[in-house]
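Asks: Fold the stuff below for me.
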Amino acid sequence: MGVEKVIASKMMLPGSNRRIHSVHRHSGMLDPDYRISSYQALVFSLNLSISVYGEPIPVKELAERVASYVHLCTLYWWLRPFGSGIILGGYGREGPQLYMIEPSGISYRYFGAAIGKGKQVAKTEIEKLKFSEMTCREGVIEVAKIIYKVHDEAKYKAFELEMSWVCDESKKQHEKVPDALLEEAKAAARAALEEMDAD
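Replies: Here you go, the predicted structure:
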């Protein structure tokens with residue numbers, strides 16, 4: 001998972017105001033509205049992992065529970081509805097899984113998904129990739145290239161690239177992408193952007 005986090009102020013410290021959060025050891029979520037939904041996902045994850053499953057909650061079940069909560073917020077006037085989608089990723093018995101939860105409360109499973117202002121361009125780029133033939137390291141670099149390509153330089157000058165992964169290399173745990181790989185991905189993305197501008 002990757003996100004472009006616009007730096008609104010020069011006073012903001014790098015790494016603050018995170019957009020990607022771990023829900024459980026094996027799953028994480030990218031959510032602009034994270035203050036509420038990631039807390040709810042954490043509650044669902046902890047309660048169901050211990051009391052029902054006796055193991056980490058399956059990613060599909062977690063996505064359905066969060067989607068139900070998001071839908072619930074559209075039904076009652078005293079709850080604020082969600083204004084953006086949520087991307088939830090994790091590692092389950094079926095391997096790595098990625099779900100996108102719409103603001104209406106519908107969840108779908110994807111190979112790759114995008115939300116936000118540049119989602120159409122990002123989706124087009126994602127559709128060109130063959131994820132079944134890629135390693136996770138290659139995927140991180142491709143996601144960085146897409147985020148740099150979609151970034152609106154005229155509107156927002158500075159941004160921070162935040163990325164996480166759940167794969168065999170991370171021992172099936174949700175964690176931040178290692179700094180060395182993140183820097184390599186940023187360098188590859190900048191090089192690809194300069195090459196595109198030169199054409």
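
Asks: what bits of this protein have low per-residue confidence?
Replies: For the chain, the stretches with pLDDT under 70 are 32-54, 153-156, 199.

Asks: quick one, helices of it?
Replies: 34-48, 59-75, 119-128, 136-150, 179-198 (DSSP state H).

Asks: Go ahead and name everything in contact with the last one.
Replies: It refers to helix 179-198. 137, 140-141, 143-145, 147-149, 161, 163, 176-177 (CB atoms under 8 Å, 6 or more residues apart in numbering). For the C-beta atoms, the positions are set from N, CA and C on the backbone; glycine is no exception.

Asks: So which bits of it are buried?
Replies: The neighbour-count check on helix 179-198 (16 or more other CB atoms under 10 Å) flags 181-182, 184-186, 188-189, 192 as buried.

Asks: Send over that helix as PDB, restricted to the C-alpha atoms.
Replies: C-alpha atoms of helix 179-198 as PDB (Å, rounded to 0.1, in the frame of the first residue of the first chain):
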ATOM      1  CA  ASP A 179      13.800   2.700   4.500                       C
ATOM      2  CA  ALA A 180      16.400   1.400   2.000                       C
ATOM      3  CA  LEU A 181      13.700   0.000  -0.300                       C
ATOM      4  CA  LEU A 182      11.600   3.100   0.100                       C
ATOM      5  CA  GLU A 183      14.500   5.300  -1.000                       C
ATOM      6  CA  GLU A 184      15.200   3.000  -3.900                       C
ATOM      7  CA  ALA A 185      11.600   3.200  -5.000                       C
ATOM      8  CA  LYS A 186      11.600   7.000  -4.700                       C
ATOM      9  CA  ALA A 187      14.800   7.200  -6.800                       C
ATOM     10  CA  ALA A 188      13.300   4.900  -9.500                       C
ATOM     11  CA  ALA A 189      10.000   6.900  -9.500                       C
ATOM     12  CA  ARG A 190      11.900  10.200  -9.900                       C
ATOM     13  CA  ALA A 191      14.000   8.800 -12.700                       C
ATOM     14  CA  ALA A 192      10.900   7.500 -14.500                       C
ATOM     15  CA  LEU A 193       9.200  10.900 -14.100                       C
ATOM     16  CA  GLU A 194      12.200  12.700 -15.600                       C
ATOM     17  CA  GLU A 195      12.400  10.200 -18.500                       C
ATOM     18  CA  MET A 196       8.700  10.800 -19.200                       C
ATOM     19  CA  ASP A 197       9.200  14.600 -19.000                       C
ATOM     20  CA  ALA A 198      12.200  14.400 -21.400                       C
END
